[in-house]
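Participant: Structure, please.
(chains A and B)
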Protein chains: 2
Amino acid sequence: MKAATGRLLLVPNALDHGAEPLPITELLPHGVLQQAAALAHWVVEDARSARALLKRVQAVVPLALPLQAIDIRELPRPPKGGAAARAPAPDWRGLLAPALAGRDLGLLSEAGLPGVADPGAALVAAAHAAGVPVLPLPGASAIVLALAASGLDGQSFAFVGYLPQEPAARAARIRELQTASRRLGQTQLMIETPYRNAALLRALLDTLDAGTRLSVSCGLTLPAGFTRSATVAAWRVAPQTLPDRLPAVFALLA
Amino acid sequence: MKAATGRLLLVPNALDHGAEPLPITELLPHGVLQQAAALAHWVVEDARSARALLKRVQAVVPLALPLQAIDIRELPRPPKGGAAARAPAPDWRGLLAPALAGRDLGLLSEAGLPGVADPGAALVAAAHAAGVPVLPLPGASAIVLALAASGLDGQSFAFVGYLPQEPAARAARIRELQTASRRLGQTQLMIETPYRNAALLRALLDTLDAGTRLSVSCGLTLPAGFTRSATVAAWRVAPQTLPDRLPAVFALLA
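Facilitator: Residues are numbered from 1 along each chain as shown, chains lettered A, B, ... in the order given. Presented below is the predicted three-dimensional model:
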């Protein structure tokens, strides 16, 4: 029974989505490139970026099938707001069909690890429910790289996703995160759409206490990437404009 | 001024600490191996395991210096309990001396990313304070690989480290984490010393609600590695003995 089932391979993507691509050998282990090159079936967050990754893989390891012959299907996009209640449940079992038929299936996100800060987790859950073994291949996540680079507490941390965009709600959420960080001794990590990086930084500097530590990692693994980590007081003395096209991860510890 | 300062490179380690080592090319990007091979100065969690990694690197990329000539210093071990108050503050600036003198310095943990679930974060904080640029190199963290493999919520999660060992305190903490998970919709991740894996799993199955989802990832990236993710009710129907020598990450979502 087990022998007839393919596996769901969680394939890490590079973190340079949207930037000038680096050689893929800088970013992913050779063993991961070999496993990615061997796959004939994929479920991905975005088909175009998946093909772009496979082209970068192909420059190092020949693909088992020509790119056009590889079966690439997209994850259903989560419906927004009120539509969610009316939307039919996605056909996860249908997406798992190659694995149920005995072939390995790759899951790929636009950047980093599938299922972390992206819609892939539901397919992983469906795989467990269907008895398909799940194999995560080693790769980086921007969230944890940013945590390491922050120098903030890495023994206790939380990732909270995006903050509200509306200014009053955003400020209230920032205060809530600062209170939770102080109470639990827990680093709080969040992300933002790149063109709103500067607005989030301003809101954090306007709202947080002077002694709270704030770290921003921008463009991780890119040549232009940097991490700045300092108290809010020090950030206020020397403010900084964040690039509006590089993804950033924000971390605070009160 | 900036040009005279070396960088602190956060070098990811493999996750197979203590197991039969795999080829390092399965686990780390070639670009990371090249950067590790070029370093003459390191601060590490454990000197012996650092030399073991450098030997694995050397099998792929020649080291810039002979292994014996590489300067490897250990992070001070955090003092335990009452000793913490009396211990002198570690000399972080002394450890950063090579970077302050213009040479790149590597930071390495026993497994995964330095500064995440290990004592390296204080050195990273000292680097930021001293104006030493911090560069995290891409690599895997077992915590986030386990999260991806769990199929639990990857948009909101917390890592809480180790639970108390004393049974009543451990059960109280498990209930507290389940309540927090339900209230915040947040996956809660924890780790345990391998020989206590089975005891933690028993405590989780004894304490959590039947509908709570529980995932265990054991020996990630190893040939014997596996992830099992199911409701507590399903775990109870088919319990499982966990290996006592492979590191495991536990995740729950109520």
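
Participant: pretty sure A:Gly31 contacts B:Leu27?
Facilitator: Yes - counting by CB atoms under 8 Å, B:Leu27 is a contact partner of A:Gly31 at 7.0 Å. (Glycine included, C-beta is placed from N, CA and C.)

Participant: do you know how far the residue in the stretch 151-254 of chain A positioned nearest to chain B is from A:Leu214?
Facilitator: In the stretch 151-254 of chain A, the residue that lies nearest chain B is A:Gly151 (3.4 Å; CB to the nearest CB). Distance of A:Gly151 to A:Leu214, computed by CB to CB, to the nearest Å: 11 Å.

Participant: higher neighbour count, the two?
Facilitator: A:Gly151 (29 against 24; other CB atoms under 10 Å in any protein chain shown).

Participant: ok so, going back, what about A:Gly31 and B:Leu27, which has more around it?
Facilitator: Counted by other CB under 10 Å, A:Gly31 and B:Leu27 do not tie: B:Leu27 has more neighbours, with 25 against 18.

Participant: Tell me if I'm right that that one and B:Leu145 touch.
Facilitator: No - the pair B:Leu27 and B:Leu145 does not pass the contact test of CB under 8 Å, sitting 11.3 Å apart.

Participant: Spit out the residues that contact the two alike.
Facilitator: Counting by CB atoms under 8 Å, 6 or more residues apart in numbering or on different chains, the common neighbours of B:Leu27 and B:Leu145 are A:Pro138, B:Leu15, B:Thr221.

Participant: ok so, going back, shared neighbours of A:Gly151 and A:Leu214, which are they?
Facilitator: Common contacts of A:Gly151 and A:Leu214 (CB under 8 Å, 6+ apart): A:Ser229.

Participant: Just the strands from the stretch 1-150 of chain A, written as ranges.
Facilitator: Counting by DSSP state E, counting those that start in this stretch, one finds strands in the stretch 1-150 of chain A at the ranges A:8-11, A:41-44, A:71-74, A:105-108, A:134-136.

Participant: Ramachandran angles for the spatially closest residue to A:Pro12 that is not a sequence neighbour?
Facilitator: Among residues not flanking A:Pro12 along the chain, A:Gly139 sits closest, at 2.0 Å (CB to CB, 6 or more residues apart in numbering or on different chains). Backbone geometry at A:Gly139, expressed as degrees, to the nearest 10, gives phi -170, psi 170.

Participant: Walk me through the domains of chain A.
Facilitator: Following automatic domain parsing, chain A resolves into domains at A:2-136, A:142-253.

Participant: Least confident of those domains, on average?
Facilitator: With a mean of 91, domain A:2-136 has the lowest mean pLDDT of the domains of chain A.

Participant: Distance from that domain to the middle of the chain?
Facilitator: 13 Å (CA atoms, centre = their mean, to the nearest Å).

Participant: just stretch A:223-236 next, same as before
Facilitator: 21 Å.

Participant: what does stretch A:132-144 give?
Facilitator: 10 Å.

Participant: What's the end-to-end length of it?
Facilitator: Terminal residues of stretch A:132-144 lie 27 Å apart, using CA to CA, to the nearest Å.

Participant: What residues sit buried inside it?
Facilitator: With burial defined by 16 or more other CB atoms under 10 Å in any protein chain shown, the residues of stretch A:132-144 counted as buried are A:132-144.

Participant: Run the chain-centre distance for the longest helix seen in chain A.
Facilitator: The longest helix of chain A (DSSP state H) is helix A:167-184. Centroid displacement of helix A:167-184 relative to its chain, using CA atoms, centre = their mean, is 23 Å.

Participant: ok and it relative to helix B:167-184, angle-wise?
Facilitator: Relative orientation of helix A:167-184 with respect to helix B:167-184: 180 degrees, computed using axes from the mean of the first three to the mean of the last three CA atoms, to 10 degrees.

Participant: same for the next helix or strand after helix A:167-184, what does it pack against?
Facilitator: Using DSSP states H and E, the helix or strand that directly follows helix A:167-184 along the chain is strand A:187-192. Applying 3 or more CB pairs under 8 Å, 6 or more residues apart in numbering or on different chains; DSSP states H and E, we find strand A:187-192 packed against helix A:142-150, strand A:157-159, helix A:167-184, helix A:197-207, strand A:248-253.

Participant: among the ones you listed, which is the most enclosed?
Facilitator: Highest mean neighbour count of the helices and strands packed on strand A:187-192: helix A:142-150, a mean of 29 (counted as mean count of other CB atoms under 10 Å in any protein chain shown).

Participant: Need the contact partners of it.
Facilitator: Contacts of helix A:142-150 (CB under 8 Å, 6+ apart): A:15, A:111-112, A:116-117, A:154, A:157, A:159, A:187, A:189, A:191, A:215, A:217, A:220-221, A:227, A:229, A:247, A:249, A:251, B:10, B:113-116, B:120-121, B:124, B:134-136, B:138, B:141, B:143-144.

Participant: surely the residue nearest to A:Pro12 meets A:Val32?
Facilitator: Yes - here A:Gly139 reaches A:Val32: they are 6.4 Å apart, a contact under CB under 8 Å.

Participant: any residues in contact with both of these two?
Facilitator: With CB under 8 Å, 6+ apart, A:Gly139 and A:Val32 have common neighbours A:Val11, A:Pro12.

Participant: near chain B at all, stretch A:157-172?
Facilitator: Yes - for stretch A:157-172, a contact with chain B is found by CB under 8 Å from any CB of the partner chain, at A:Phe157, A:Ala158, A:Phe159, A:Val160, A:Gly161.

Participant: List the residues that contact A:Arg7.
Facilitator: A:Arg7 makes contact with A:Ala99, A:Asp104, A:Leu105, A:Val132, A:Pro133, A:Val134, A:Leu135, according to CB under 8 Å, 6+ apart.

Participant: thinking A:Pro119 is in contact with A:Val44, fair?
Facilitator: No - A:Pro119 lies out of contact with A:Val44 (CB under 8 Å); the separation is 10.8 Å.

Participant: of the two, who's got more company?
Facilitator: The neighbour count for A:Pro119 versus A:Val44, taken as other CB under 10 Å, is higher for A:Val44 (24 against 17).

Participant: list the contacts for that one?
Facilitator: A:Ala50, A:Ile72, A:Arg73, A:Glu74, A:Leu75, A:Gly106, A:Leu107, A:Leu108, A:Ser109 are the contacts of A:Val44 under CB under 8 Å, 6+ apart.

Participant: Could you find the closest non-adjacent residue to A:Ser181?
Facilitator: With sequence-adjacent residues excluded and distances taken as CB to CB, 6+ apart, A:Ser181 is closest to A:Ala254, at 4.2 Å.

Participant: and the one you found, how many neighbours does it have?
Facilitator: When neighbours are defined as other CB under 10 Å, A:Ala254 has 21 of them.

Participant: could you measure it against B:Asp244, distance?
Facilitator: Counting by CB to CB, the gap from A:Ala254 to B:Asp244 is 38 Å.
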